[in-house]
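S.K.: below is the sequence, then the predicted model.
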Amino acid sequence: MIDVSVIIVSYNTAELTCAAIASVYEQTKQVNFEILVIDNNSTDDSADMIEKSFPSVRLIRLYSNKGFAAANNIAAEEAEGRYILLLNPDTLVLDGAIDKLVNFADKNTEYGIYGGSTFFGDMSRNPTAGWNMATVWSLFSTASGLSSIFRKSRFFNPESLSWWDWKRPRRVDIVTGCFLLIHRDLWNRLEGFDTRFYMYGEDADLCLRSAAINRFCIIVPDAKIIHFGGASEVVKEDKMIRLLTAKVQLFRKHWKGIKRKYAILMLEMWTFSRMTVLFFISMVKKNNSPSFHSWKKVWYRRSEWETV
């Protein structure tokens with residue numbers, strides 16, 4: 001019996017994907033696993049390199065880019081494990097992380113979705129392994145800059161886990177899709193990702209739908225990975241527009257009425273305030289700040305993300 005099906009969606013990340021696959025093989029010794037790589041119509045030689053380097057990997061080639069959510073759904077239909085593990089191509093599994101996560105899940109079946117600890121390439125803590133759902137207060141705190149000023153404050157930055165000591169498992173609202181373990185029966189019940197989320201937000205939506213049927217999320221700190229982040233995204237403003245689009249989609253789906261309108265207004269305020277602050281910083285420093293120009297483009301392209 002296969003315990004866990006590891007699904008990796010690859011897009012123009014040949015070397016990173018191969019490194020991620022190698023780390024799964026090197027670090028997973030206690031549980032039976034299979035690896036499914038779904039190539040999202042890469043324009044480099046990702047698929048060929050993976051097929052040549054890892055003949056035991058189940059490679060699925062797509063001939064158009066379906067997006068992250070749809071690609072995972074396609075691969076999950078082929079998966080045979082008791083659990084499905086979503087793993088980003090720009091990650092490295094550390095210290096038996098998959099073994100630890102599956103073993104914890106087997107002993108704590110009351111939860112539905114499990115995540116681990118994520119680190120940057122220099123092994124500094126990356127607190128985005130999970131987070132809490134936005135609230136009216138957290139959106140104001142973000143838009144006003146309070147969450148940036150007081151990054152490690154649970155009060156001013158409540159969505160983030162940057163205040164946590166990461167010593168014991170903790171229930172969270174959302175587990176990041178870069179390293180997300182879910183019971184196969186729960187995945188089927190939720191019908192996988194909502195494919196209206198092209199990139200970003202699909203993991204948050206999945207976790208919120210899971211919590212709605214009392215299958216909550218938990219972070220297991222001992223299960224550790226490196227997540228380099230952003231390997232497939234080239235232009236900063238394009239990444240931010242995708243992120244904001246996903247946030248708007250999430251609020252439109254899970255919030256209603258005036259609360260939904262407030263959320264979108266706060267996203268607009270956040271974008272405008274970032275652009276404004278960076279403008280004044282560039283004026284004081286008398287430099288042509290790339291960050292200012294990126295946020296300026298995000299602001300002027302807001303019709304692309306605020307009306308989805």
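M.R.: Structure received. Numbers count the residues shown, from 1 in each chain.
S.K.: just checking: what are the partner strands of whichever strand or helix holds residue 220?
M.R.: In this structure, residue 220 is located in strand 217-227 according to DSSP states H and E. Using DSSP bridges, the strands paired with strand 217-227 are strand 91-94 (antiparallel), strand 113-119 (parallel), strand 170-172 (antiparallel).
S.K.: and of those strands, who's closest to residue 212?
M.R.: Of all those, strand 113-119 sits nearest to residue 212, with 12.4 Å by Cβ to Cβ. For glycine as for every other residue, the C-beta is placed from the backbone atoms N, C-alpha and C.
S.K.: distance-wise, check residue 148 relative to residue 168.
M.R.: Distance, residue 148 to residue 168, by Cβ to Cβ, to the nearest Å: 28 Å.
S.K.: tell me the mean pLDDT over the strand holding residue 220?
M.R.: Averaged across strand 217-227, pLDDT comes to 98.
S.K.: now for the helix or strand that it is followed by, which elements pack on it?
M.R.: Using DSSP H and E, the helix or strand that follows strand 217-227 in sequence is helix 236-254. Here helix 236-254 touches helix 202-211, helix 257-285, helix 290-300, going by 3 or more Cβ pairs under 8 Å, 6 or more residues apart in numbering; DSSP states H and E.
S.K.: before we move on, the earlier item: ok, which of the strands paired with strand 217-227 comes nearest residue 28?
M.R.: strand 91-94 (7.0 Å).
S.K.: for the closest one, what is the distance to the chain centroid?
M.R.: Mean C-alpha position of strand 91-94 versus that of the full chain (Cα atoms, centre = their mean, to the nearest Å) differs by 15 Å.
S.K.: the helix or strand that it is followed by: which residues count as buried?
M.R.: The helix or strand immediately downstream of strand 91-94 is helix 97-107, counting by DSSP H and E. By 16 or more other Cβ atoms under 10 Å, the buried positions in helix 97-107 come out as 97-105.
S.K.: tell me the average confidence for stretch 281-293?
M.R.: 79.
S.K.: shaky segments in the stretch 151-300 of the chain?
M.R.: 230-235 (pLDDT under 70).
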